[in-house]
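Peer 1: Compute the structure for the input listed below.
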Amino acid sequence: MSTSLTMSFRRKSIAFRASSMSKQLIRIHLAILAMALLLPEALPQAPAARSQTAQGELGAQADSERRRRRPPDPFAGQKRIRALVITGGCCHDYAGETKILMDIMASEAPVDWTVMLEREGRSTWTRTKVRLYNQPNWSDGYDIVVHNECFANVDDAEFVRKIVAGHNSGLPAVVIHCSMHSYRALKSDEWREFLGVTTLRHTPQHRIAVQVKDANHPVMKGFPQAWVTPMDELYIIERLWPAARPLATAVDPQSGSEYPIVWTNDYHGARVFGTTLGHGPTTWDDPTFQDLLVRGFKWAVDRQ
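Peer 2: The predicted structure follows:
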């Protein structure tokens, strides 16, 4: 075959292949076009953008659903109790005890808490004077004061008069454990009359067998008749004041003497609930002791 014929054949062969490829490309393009036309029908349609009105309605429905799922307020319609806790001083975990008190009351009454925790150094804590007490009308605006303080060596009578003056108009109180030994260096009895008991010392720690003396009192209704505390201190009560009423007692195993450990007091019309129990965390963690605090708090504010 000549060179010219060979080149002519090659040109024809290339042209044929190009023609064949063009036809294939056309077929591919047609197939793609057909698929593009069919896709809107085959695929799910994207939702149209909602109007602002529709979105607002959906938001309102979601808020309503959240409100519906929220548990109802068990204290709806009840007046909230404004409670002040004054605490700190020697020997105890006052921050932890305050948290326990707040936690156990959370399901029992609608309480708004204010806490005054004195944190002066260990070398002076028995002589600390709570700064709040120096403010005029320090107790104004509260429905109850919880005294869980331990400042044994404060002997300033004028200062202590400022404390009890906060309750002279009938403001209720709960007094716990070492509060009974606060201000014990004081020669006069302002604080002791407010508490309803006079005590200057306690026994070694032991498990205290509690004897219920007034099972019909609101604080003691349903209280266990044979409760023995965790390790705690039995305070030696030298005097129960005339307006105080013992609700439970215990016997000192060494001397055989019996002392109040739970009581109520009427201080110039103020309801005072007191207990000398509560020395350590095992008592504070005890469900019976916690229930006692709840009952005493609710009695003091007349919410039994």
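Peer 1: C-alpha only now, for contacts and for neighbours.
Peer 2: Noted.
Peer 1: how about the helices in the protein?
Peer 2: If DSSP state H is used as the criterion, the helices of the chain fall at 3-42, 52-69, 94-105, 157-165, 190-195, 281-284, 287-300.
Peer 1: which stretch in those has the least confidence?
Peer 2: With a mean of 43, helix 3-42 has the lowest mean pLDDT of the helices of the chain.
Peer 1: got the contact list for the closest residue to residue 156 other than its chain neighbours?
Peer 2: Leaving aside its sequence neighbours, residue 156 sits nearest to residue 186 (C-alpha to C-alpha, 6 or more residues apart in numbering; 6.8 Å). Going by C-alpha atoms under 8 Å, 6 or more residues apart in numbering, residue 186 touches 153-157.
Peer 1: Same check on residue 296?
Peer 2: Residue 296 sits next to 174, 219, 273-274 when contact means C-alpha under 8 Å, 6+ apart.
Peer 1: what would those residues look like in a markdown table with pLDDT and neighbour count?
Peer 2: A markdown table is the format used below for these (pLDDT from 0 to 100; neighbours: other C-alpha atoms under 10 Å):
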| residue | pLDDT | neighbour count |
| --- | --- | --- |
| 174 | 99 | 25 |
| 219 | 98 | 25 |
| 273 | 99 | 29 |
| 274 | 99 | 31 |
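Peer 1: Taking the residues you listed together, which two end up most distant?
Peer 2: For the contacts of residue 296, the farthest-apart pair by C-alpha to C-alpha is 174 and 219; their separation is 12.5 Å.
Peer 1: Can I get stretch 205-219 in PDB, CA atoms only?
Peer 2: Provided in PDB are the C-alpha atoms of stretch 205-219 (Å, rounded to 0.1, in the frame of the first residue of the first chain):
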ATOM      1  CA  GLN A 205     -20.200  11.300 123.500                       C
ATOM      2  CA  HIS A 206     -22.400   8.200 123.500                       C
ATOM      3  CA  ARG A 207     -25.500   6.900 121.800                       C
ATOM      4  CA  ILE A 208     -28.400   8.600 123.500                       C
ATOM      5  CA  ALA A 209     -31.700   6.800 124.100                       C
ATOM      6  CA  VAL A 210     -34.400   9.300 123.500                       C
ATOM      7  CA  GLN A 211     -37.600   9.300 125.600                       C
ATOM      8  CA  VAL A 212     -40.600  11.000 124.100                       C
ATOM      9  CA  LYS A 213     -42.400  13.000 126.800                       C
ATOM     10  CA  ASP A 214     -45.200  14.600 124.800                       C
ATOM     11  CA  ALA A 215     -46.300  12.400 121.900                       C
ATOM     12  CA  ASN A 216     -49.300  14.600 121.100                       C
ATOM     13  CA  HIS A 217     -47.300  17.700 120.400                       C
ATOM     14  CA  PRO A 218     -47.100  18.500 116.600                       C
ATOM     15  CA  VAL A 219     -43.300  18.200 116.700                       C
END
